[in-house]
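J.: I would like to see how this sequence folds:
(2 chains)
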Amino acid sequence: MWWYVGKRLLQAIPVVLGATLLIYAMVFLQPGDPITALFGEKPVSEAARANLEAQYNLDKPFIVQWLLFLGGALTGDLGVSYSGQPVADLIGRTFPVTVKLAVMALIIEAVLGIIAGFWAGLRRGKIFDSTMLVVSLLVIAVPIFVLGFMLQLVFGVKLHWAPATVGGDASIGKLILPAVVLGLVSFAYVLRLTRTSVIENLSADHVRTARAKGLPEGAVNRKHVLRNSLIPVVTFLGADLGTLMAGAIVTEGIFNVPGIGNLAYQAVQRGESPTVVSVVTVMVLVYVLMSLLVDLLYAALDPRIRYA
Amino acid sequence: MRLTRRTRLAGIALVAVGSLTLAACGGDGGEDSSDNVITSFSTEPQNPLVPSNTNEVGGGNIIDLVFAGLVSYTPEGDTEMEVAESIESDDNRTWTITLKDGWTFSDGSPVTAQSFVDAWNYGADPDNAQLGAYFYKPFEGTDDDGNSTGGDTISGLEVTDELSFTATLKEPEAEFPKRLGYSAYYPLPESAFEDMEAFGESPIGNGPYTLESWDHDVEAALVPNGDYDGNRAPQNEGVTFKFYTDPDAAYTDVQSGNLDVLDRVPPSALSSYEEDDQVQPVTEPGSVFMSFTIPSSLAHFGEDEEGKLRRQALSLAIDREQIAEKIFNGANTAATDFSSPLMPGYTEDIPGSEVLEFDVEQAKDLWAQADAIAPFEGTFELSYNSDGPGNKEWVEAAVNQIRTNLEIEAEPKAFATFGEFRELVTNRSIGTAFRTSWQPDYPSVYNYLAPLYGTGAGSNDGDYSNAEFDDLLGQAAAAESEDERAQFLAQAQEILFQDLPAIPLWNQNISAVGAQGVNNLEFNWQNVPVYHNITK
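T.: Numbering: from 1, shown residues only, chains lettered A, B, ... in the order given. Purely as a prediction, here's the structure:
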């Protein structure tokens, strides 16, 4: 298995290189000059412009900029933002907040989605199943920012059950509301995925065999139906952690969460290539690691799968 | 590797991930609600907190409270001596500045003449590439961009003794002392120059507050500076700026009592905030001037008879009040001149200002007269940056009015980013009319006119040039009394109303909210809350 893990990690190198190059090119091609924007509506002197361009390597061709960034990144230096902050510090501050938010959302969607989906699948066509199908359809259909503003207004402003925004203190209590909003859409997918998968497994041969040999119904459902139904769900959840982190931009804006999404948003607006590319690199790494973790989890769930 | 009890392992992994998160989270800190600490909306400063390098509101909010300049401004825009004892000149060109004794920085070092001169020299030195270099342009020994020429010092500044220095200007300017409250003219302690990078992270100033902590992207906490004995004595026990990327979230926080002051109501709440009983609304006229500029080089819009007629026709074809009402929900007020009614020396009803009224018949008539000189073909385009909130809406509305009322082809032209838009404006390749706005640097009508319409001036993006106007500006700059200056500036505006280098549109109102229980929420001439007076 370790050989397999090593191979997968080696594969990540070209992925990261390609992603940074692509993002660098995109930021570079973004119209407009960040130095002019920095000065607002005031005139920019040539000397000051030249100095700033040299400081941020903006005077060099973009391949050189990219190589300089890569060289710096290898030695742990991700460059400096326009506000004079080392990008590594910025990411170090914001990344844990977003991870916390995304993991909370993941736990919420996984626990609720699997339980509700399992129950709905076992009672296919009954009232609970139909209700869940309608609810999940609604959640998928409504855009996330609408859900966000609605829940914020109802629970944060009107009922005062949860703080309306997060701000500096990113504790679990404050992150619950944004985590629910972030997890809601995926909850609907997890629910539907689990339900379909459970229904399929209920009529599988090994389940029929288990019933035939007289296993109690509860044990059949737990050991044979649920476990086998989880494989597609785990795949989805693994990939979803990356999506949740990247997709947190909207939620982070609504609830003022000082996370990596907010950081990326501001950096894109200012044309700060080092920050944008560093954030993207981190996200790519998250995706790579999560998909590896998912593949390893398969082996835990399905004895037929082995890695060598 | 073969895993036994696989299901349980998977379960353990999930639990482990969950508990790791829980461990990382720590306890809920709860609201830090010291009784009289004011929390206010702001944005993460975009630049290090060095006065000469701060040109946006996020950094400016902090800098203005942490530093004190030679003069300070009252909320109404009058200038009062602060660190300066006197600022005097016989010829309005060579100024002798004497400081009060006893001012110190919060690290204990004294505020001396050298503190000011060193700070200004640093700001003007092109090697330091400071964003506020423009403000050193009046001094002898700087170029048109405000960069020092010949070395790293401004030759027009000279320290005469510990508490006094002289400043020599390129041209006489009677209003020079008024400038000096702007942040680019704040002093810096000696320690700053040893490590400007560290200083930008935790600035040491001489102002009413000191920066206690700056938690990036989260908040900056300011506490009163016990040694401060100036004009802006803090009435509260601190100001904490909370940083937001989305003002909607801040509005929600004011509603739910988590934030005391939001100085700009987001567009989504503009139509409702005055009736919202969860907040205290504040609506006042403001000082930001919005316009669109037509470059003098644009075909059919040059500085000749035809161009003037067309500019006047455009101005008459726009119903400013309707757009202010319908598009801005009353957040803007139709402009009455090229400045703002808030400014000291503002003159009402300047001759020629009728061109700002809405008069379709006359607009058509003037346009027809221009067509008689040379027929207009093609499309009138108005450029804007669509990343600025609300730009798209008013530009489209204004262009629609122009199209309908003048019966010509007119189109809005959007640029995705401010950077792209300003680049084209700056290198003069935009080739259309474009939106402009101006926030004054110091409280004076002069500051709305000279930098924008003076020949060759730094922000004269339309390259307007009129010798008579320049002459009046010069006379205003040298005027002996405020009344005399106001007269010259009114005359200068008369010329602008004929030539219309830019079409005045609106003054942006202050639309702000305070939480319930917040007192003394007032705004100054810069549209910034008077933070030191707010209590709760």
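J.: which non-adjacent residue is nearest residue B:409?
T.: Among residues not flanking residue B:409 along the chain, residue B:379 sits closest, at 4.1 Å (C-beta to C-beta, 6 or more residues apart in numbering or on different chains). Where C-beta positions appear, they are placed from N, C-alpha and C, glycine not excepted.
J.: I meant to write residue B:364 there.
T.: Nearest to residue B:364 is residue B:406, by C-beta to C-beta, 6+ apart, at 6.5 Å.
J.: Going by neighbour count, which residues in the longest helix along chain A are buried?
T.: Counting by DSSP state H, the longest helix found in chain A is helix A:87-122. Across helix A:87-122, burial judged by 16 or more other C-beta atoms under 10 Å in any protein chain shown covers A:87-88, A:90-91, A:93-110, A:112-114, A:116-122.
J.: Who are the packing partners of that helix?
T.: When contacts are defined as 3 or more C-beta pairs under 8 Å, 6 or more residues apart in numbering or on different chains; DSSP states H and E, helix A:87-122 sits against helix A:127-141, helix A:172-202, helix A:227-246, helix A:248-254, helix A:260-270, helix A:273-301, helix B:6-25.
J.: tally of neighbours for the residue nearest to residue B:409?
T.: 12 (other C-beta atoms under 10 Å in any protein chain shown).
J.: ditto for residue B:497
T.: Counted with other C-beta under 10 Å, the neighbours of residue B:497 add up to 19.
J.: on that earlier part again, rebuild the helices and strands packed on helix A:87-122 as a markdown table, extending it with mean pLDDT, distance to residue B:139 and mean neighbour count.
T.: Shown next, in a markdown table, are those (pLDDT from 0 to 100; distance: least, C-beta to C-beta, whole Å; neighbours: other C-beta atoms under 10 Å in any protein chain shown):
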| stretch | mean pLDDT | distance to residue B:139 | mean neighbour count |
| --- | --- | --- | --- |
| helix A:127-141 | 90 | 63 | 14 |
| helix A:172-202 | 89 | 50 | 22 |
| helix A:227-246 | 83 | 50 | 21 |
| helix A:248-254 | 85 | 43 | 24 |
| helix A:260-270 | 82 | 31 | 23 |
| helix A:273-301 | 81 | 35 | 20 |
| helix B:6-25 | 43 | 53 | 14 |
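J.: May I see those helices arranged in CSV, with distance to residue B:49 as well?
T.: Formatted as CSV, these follow (distance: least, C-beta to C-beta, whole Å):
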stretch, distance to residue B:49
helix A:127-141, 44
helix A:172-202, 28
helix A:227-246, 30
helix A:248-254, 25
helix A:260-270, 17
helix A:273-301, 19
helix B:6-25, 30
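J.: re earlier: wouldn't the residue nearest to residue B:364 be in contact with residue B:362 here?
T.: No: in this structure, residue B:406 is not within contact of residue B:362 by C-beta atoms under 8 Å, at 11.3 Å.
J.: Looking at the two, which one has more neighbours?
T.: Each of residue B:406 and residue B:362 has its neighbours counted (other C-beta under 10 Å); residue B:406 has more, 22 against 16.
J.: In contact with that one, which residues?
T.: Listed by C-beta atoms under 8 Å, 6 or more residues apart in numbering or on different chains, the contact partners of residue B:406 are B:313-314, B:317, B:363-364, B:367.
J.: right, and the pair among those with maximum separation?
T.: Across the contacts of residue B:406, the longest distance by C-beta to C-beta is 11.6 Å; it joins B:314 and B:364.
J.: Look at those two and report which has more neighbours.
T.: residue B:314 (28 against 16).
J.: The more buried one belongs to a strand, doesn't it?
T.: No: using DSSP: H, G, I helix; E, B strand; the rest coil, the assignment for residue B:314 is helix, not a strand.
J.: near chain A, which residues of the stretch 251-400 of chain B?
T.: Proximity of the stretch 251-400 of chain B to chain A, by C-beta under 8 Å from any C-beta of the partner chain, involves residues B:252-253, B:255-256, B:258, B:278, B:387.
J.: where does residue B:5 land on pLDDT?
T.: For residue B:5, the model assigns a pLDDT of 46.
J.: same question but for residue B:156, I mixed them up
T.: Listed pLDDT for residue B:156 reads 92.
J.: Torsion angles phi and psi at it?
T.: Main-chain dihedrals, residue B:156, degrees, to the nearest 10: phi -80, psi 0.
J.: The one 10 residues further on too?
T.: Backbone dihedrals for residue B:166, given as degrees, to the nearest 10, come out at phi -110, psi 150.
J.: Test my guess that it contacts residue B:155.
T.: No: the criterion here is C-beta under 8 Å, and residue B:166 misses it with residue B:155 at 11.6 Å.
J.: Distance check, the closest residue to residue A:62 other than its chain neighbours against chain B.
T.: Nearest non-adjacent residue to residue A:62, counting by C-beta to C-beta, 6+ apart: residue A:28, 4.2 Å away. As judged by C-beta to the nearest C-beta, to the nearest Å, residue A:28 and chain B stand 13 Å apart.
J.: next helix or strand past the helix or strand in which residue A:28 is found?
T.: Assigned by DSSP states H and E, residue A:28 belongs to helix A:2-29. Using DSSP H and E, the helix or strand that follows helix A:2-29 in sequence is helix A:34-38.
J.: Please see if that next one touches chain B.
T.: Yes: contact between helix A:34-38 and chain B, assessed by C-beta under 8 Å from any C-beta, occurs at A:34, A:36-38.
J.: quick one on the thing from earlier: got the angle for the helix holding residue A:28 vs helix A:260-270?
T.: Here the directions of helix A:2-29 and helix A:260-270 differ by 30 degrees (axes from the mean of the first three to the mean of the last three C-alpha atoms, to 10 degrees).
J.: Give me the distance from helix A:2-29 to the chain's centre.
T.: Per C-alpha atoms, centre = their mean, to the nearest Å, the displacement of helix A:2-29 from the mean C-alpha position of its chain is 18 Å.
J.: Let me see the mean pLDDT of that helix.
T.: What helix A:2-29 shows for mean pLDDT is 83.
J.: quick one: residue A:23 from chain B, how far?
T.: Distance from residue A:23 to chain B, by C-beta to the nearest C-beta: 17 Å.
J.: Contacts only, for that residue.
T.: Applying C-beta under 8 Å, 6+ apart to residue A:23 gives the contacts A:276-277, A:280.
J.: ok, it to residue A:102 distance?
T.: For residue A:23, the distance to residue A:102 equals 20 Å [C-beta to C-beta, to the nearest Å].
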